[in-house]
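Participant: Got a sequence here, can you model it:
(2 chains)
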Amino acid sequence: MSTAAAVRGTRSAAEDQNQPLLEVQGLHLEFPTYWGVTRALNGVDLALRRGEIAGLVGESGCGKSVTAMAVMRLLPEGHYRVPQGRILFRGEDLLARDEQGMQRIRGQHISMIFQEPMTSLNPTIRVGRQIAEVIQSHQDVTRSAATARAADLLREMRIPDAERVAGLYPHELSGGMRQRSMIAMALSCEPDLLIADEPTTALDVTVQAQVLALLKQKCVERRTAVLLITHDLGVVANVCRQVAVMYAGNVVETGPVDEVLASPRHPYTAALLETIPERFHRDERLRVIPGSVPSLLHPPPGCRFHPRCAAAAPRCARERPPVFWSTSVCAGGDRHGAACWLLEDRDGNCGWEECSP
Amino acid sequence: MSLDPAPLVQTAGLTKSFGSRHDLFGRPRLLVRAVDDVSLSIARGETLGLVGESGCGKSTLGNLLIRLEDADNGEVVFDGQRLTDLNERELRRLRRRFQIIFQDPQSSLDPRMTVRAIVAEPLTVAGWSDRAKIAERVAFVLETVGLGREQMSRFPHEFSGGQRQRIAIARALTINPDFLVLDEPTSALDVSVQAQVLNLLKELQERFSLTYLFISHNMAVIRYMSDRIAVMYLGRTLEVAPSASLFAAPRHPYTRTLLQAIPSVVRREPAGWELPIIEGDPPSQTSPPPGCHFHPRCPLRMPECSVTQPALAQVGLDHSAACLLYRVAPQE
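Facilitator: Numbers count the residues shown, from 1 in each chain, chains lettered A, B, ... in the order given. Predicted coordinates:
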């Protein structure tokens, strides 16, 4: 542990602390289909620093998972195009890497957890062996050392009787245990970044709370950055420090969780928060966002939210709004930004004063 | 709110197990007790919320209430008639008065039928034959759920998830039922669309004085929709209470942990979640723990909890909980 930490320390000291670990810049991504081109990502910007836990939220089909898969380069080669944009990981553009180069990144530097652990674990191999395989493929260790390390990892994930569990097949574990094994596997090579795509959506609430608390604790201990993809704003509120809200292939708002939840600046974020039944009394009608998520084959021009937006102006249908940033810096050195024309002030300047500590 | 004293739906000692008693070789097999001795009542015009984690028997209970499945034991009384006694013909006649809406409209709507045919089908089953009348009724219910006449000849795949759920609701309403079982009706929908459907369900309830059994695993949705709430765990009801008192003062330790575990936007931990709220996984359904099913995970367990199965006991006004903590509470 101490040597690993020392190595880690020198590595991160060598890099500028303020340099983002992962930076997605203006990423456009499209899928050519029989019916036309689906513009799944329309200039996505994201930044994540070392050790930071950030949430990526949005409704289904908004591009959360596609963003994650693009970073991992797990989309089927030849079936998508990236007309513009860069994915910088520790300053290097991942889009420029070849498949072999990506294999050295995956698992070792960036790892990923998916929603349904049963489909990402091999049903015919014992859980402990699957974790050991990951360790062996990235590190120069013996089979028995890797096996012992796998059991240690399972124990660390609060799995009781870890040696016995390591010898079980995935179907013999409960959903929560499977997802904890996935976390153990994802963290086995001490990655810098963990992408968790709806990791608890298939779990019950009491188990979800356990798994999220564990994920958070282990990543904070290891200073692993986490990109947590979810549709549940409640999960983001309780786990993340930063959040990015996506709608129809765009990041529409980004900033510290406290700021975004307390004073959302984009009408979509505001409306999304208002539709949560938790905030309403039984005798009130829930606020709704009229209409439904647009088709990405024919996305609306300008701001993609304008057809459903209560505050839409004629300009919104013509020009796509840039991200306007708060002028003051929030606690932790972050800014709050949103892509909405409403935030442009009279002088054509962007930005607004805000930030509570 | 003044409720009709005679409940519309009532169950007593309802029990349902799955799995045969013996396997191919005559060896005793494991039975899953999906619903275990459940007694509930739902008043006219009321919404009873049924909440619990997956596999706790919520959906099975919903199916038993409208006899989509037959109970092993116990009875269901619908508007004074024992559902469990009825024969096929009598049951079919009564079926007009209750309907069910499922979670996933993708699989509950026939992809080869037009919306018009889907919504009209219950009428034909009920014996309607006048085409003009059927067309009129179909147009009326579709309009009621917010779909236009021009959409009648389209197929389910041409609609979004929220609109498909509206079609399923329209189909349930065509024959003017009194009672609807809503089995996770919004779980497959995005939050912005969920709000539309929940509002619609509330409007319909007022307009047609419907009675709902609202099944969900989502506490926020249950709180918003229900007058009273029943909490289930491994086939048993652990707590039944009016919505407000369940959330303000949950009595059963399981209800408390459930409420604590909801990732809330409103009630947040200052530093977020740091520690697991509750240890352990839900136990196996084939061999549930003896005594109180919840005792292995319960923070307040007593030695006796692993032996004695607590019964639902009155713990407040219209509020009951099945926990040994309240056994000694004075009755008066």
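Participant: Show me the longest helix that occurs in chain B.
Facilitator: When chain B is parsed with DSSP state H, its longest helix is helix B:191-208.
Participant: what residues does that helix touch?
Facilitator: The contact list for helix B:191-208, computed with CB atoms under 8 Å, 6 or more residues apart in numbering or on different chains, reads A:59, A:231, A:233, A:271-272, A:275-277, A:285-289, A:292-293, B:45, B:47, B:144-146, B:160-162, B:165-166, B:169, B:173, B:176, B:182, B:185-186, B:189, B:210, B:212, B:221, B:224-225. In short, each C-beta sits where N, CA and C put it, glycine included.
Participant: Filter those down to just the ones in strands.
Facilitator: Those of those mapping onto strands are B:47, B:182, B:212, per DSSP state E.
Participant: Which residue, neighbours along the chain excluded, lies closest to residue B:152?
Facilitator: residue B:116 (4.2 Å; CB to CB, 6 or more residues apart in numbering or on different chains).
Participant: State the helix or strand in which the one you found lies.
Facilitator: helix B:115-125 (DSSP states H and E).
Participant: Using CSV, write out the CA atom coordinates for that helix.
Facilitator: Extracted in CSV, the C-alpha atoms of helix B:115-125 (Å, rounded to 0.1, in the frame of the first residue of the first chain):
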residue,chain,number,x,y,z
VAL,B,115,-54.5,1.7,-31.2
ARG,B,116,-58.1,1.6,-32.2
ALA,B,117,-58.2,-2.2,-32.0
ILE,B,118,-56.3,-2.3,-28.8
VAL,B,119,-58.6,0.1,-27.0
ALA,B,120,-61.7,-1.5,-28.5
GLU,B,121,-60.9,-5.1,-27.6
PRO,B,122,-62.2,-5.0,-24.0
LEU,B,123,-65.5,-3.8,-25.3
THR,B,124,-65.8,-6.7,-27.8
VAL,B,125,-64.9,-9.1,-25.0
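Participant: so what secondary structure elements neighbour it?
Facilitator: Judged by 3 or more CB pairs under 8 Å, 6 or more residues apart in numbering or on different chains; DSSP states H and E, the packing partners of helix B:115-125 are helix B:131-144, helix B:161-173.
Participant: Give me the below-cutoff pLDDT ranges for the stretch 1-150 of chain A.
Facilitator: For the stretch 1-150 of chain A, the stretches flagged by pLDDT under 70 are A:1-18.
Participant: repeat that for 80
Facilitator: A:1-19 (pLDDT under 80).
Participant: Now it against chain B: closest residue?
Facilitator: residue A:59 (3.9 Å; CB to the nearest CB).
Participant: quick revisit: buried ones from the contacts of helix B:191-208, can you make that a ChimeraX selection?
Facilitator: Buried members of these can be picked out in ChimeraX with the line below, counting by 16 or more other CB atoms under 10 Å in any protein chain shown:
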select /A:59,231,233,271,272,275,276,277,286,287,288,289,292,293 /B:45,47,144,145,146,160,161,162,165,166,169,173,182,185,186,189,210,212,221,224,225
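Participant: Ok, which of the helices and strands packed on helix B:115-125 comes nearest chain A?
Facilitator: Closest of those to chain A is helix B:161-173, at 5.9 Å (criterion: CB to the nearest CB).
Participant: helices or strands up against that closest one?
Facilitator: If you count contacts as 3+ CB pairs under 8 Å, 6+ apart, helix B:161-173 packs onto strand B:98-101, helix B:105-108, helix B:115-125, helix B:131-144, helix B:191-208.
Participant: Out of the ones you listed, which one sits most buried?
Facilitator: Most buried of the helices and strands packed on helix B:161-173 by mean neighbour count (mean count of other CB atoms under 10 Å in any protein chain shown) is strand B:98-101; its value is a mean of 22.
Participant: still on that earlier bit, against residue B:141, how distant is the residue nearest to residue B:152?
Facilitator: Using CB to CB, to the nearest Å, we find residue B:116 at a distance of 11 Å from residue B:141.
Participant: between the helix holding residue B:116 and helix B:131-144, how many degrees?
Facilitator: Angle of helix B:115-125 versus helix B:131-144, following axes from the mean of the first three to the mean of the last three CA atoms, to 10 degrees, is 120 degrees.
Participant: Please enumerate residues in contact with helix B:115-125?
Facilitator: Contacts for helix B:115-125 (CB under 8 Å, 6+ apart): B:99, B:109-110, B:113, B:134-135, B:137-138, B:141-142, B:147, B:151-156, B:159, B:167, B:170-172, B:174-175.
Participant: how many other residues sit next to residue B:93?
Facilitator: For residue B:93, the count of nearby residues is 11 (other CB atoms under 10 Å in any protein chain shown).
Participant: Is it in a helix, a strand, or coil?
Facilitator: The three-state label given to residue B:93 by DSSP: H, G, I helix; E, B strand; the rest coil is helix.
Participant: Three-state assignment for residue B:282, please.
Facilitator: Under three-state DSSP, residue B:282 comes out as coil.
Participant: so who does the nearest residue in space to it that is not next to it in sequence touch?
Facilitator: Spatially, and ignoring its direct neighbours in sequence, residue B:282 is nearest to residue B:53 (5.9 Å; CB to CB, 6+ apart). For residue B:53, the contact set (CB under 8 Å, 6+ apart) comprises A:204-206, B:217, B:233, B:258, B:282.
Participant: Sort out for me which of the residues you listed are in helices.
Facilitator: A:205-206, B:258.
Participant: Tell me where chain A has helices.
Facilitator: Under DSSP H, chain A gives helices at A:2-14, A:64-72, A:99-105, A:117-120, A:127-138, A:143-156, A:162-166, A:175-187, A:205-222, A:233-239, A:257-262, A:267-274, A:314-318.
Participant: quick one: low-confidence ranges for the stretch 151-300 of chain B?
Facilitator: Those would be B:266-286, if you go by pLDDT under 80 across the stretch 151-300 of chain B.
Participant: ok and the residue in it nearest chain A?
Facilitator: Among all residues of the stretch 151-300 of chain B, residue B:263 sits closest to chain A, at 3.3 Å; criterion: CB to the nearest CB.
Participant: Can you classify that residue as helix, strand or coil?
Facilitator: Note that with three-state DSSP, the state of residue B:263 is coil.
Participant: burial measure for it, as a count.
Facilitator: Residue B:263: 23 neighbours (other CB under 10 Å).
Participant: could you measure it against residue A:62, distance?
Facilitator: Distance of residue B:263 to residue A:62, given as CB to CB: 19 Å.
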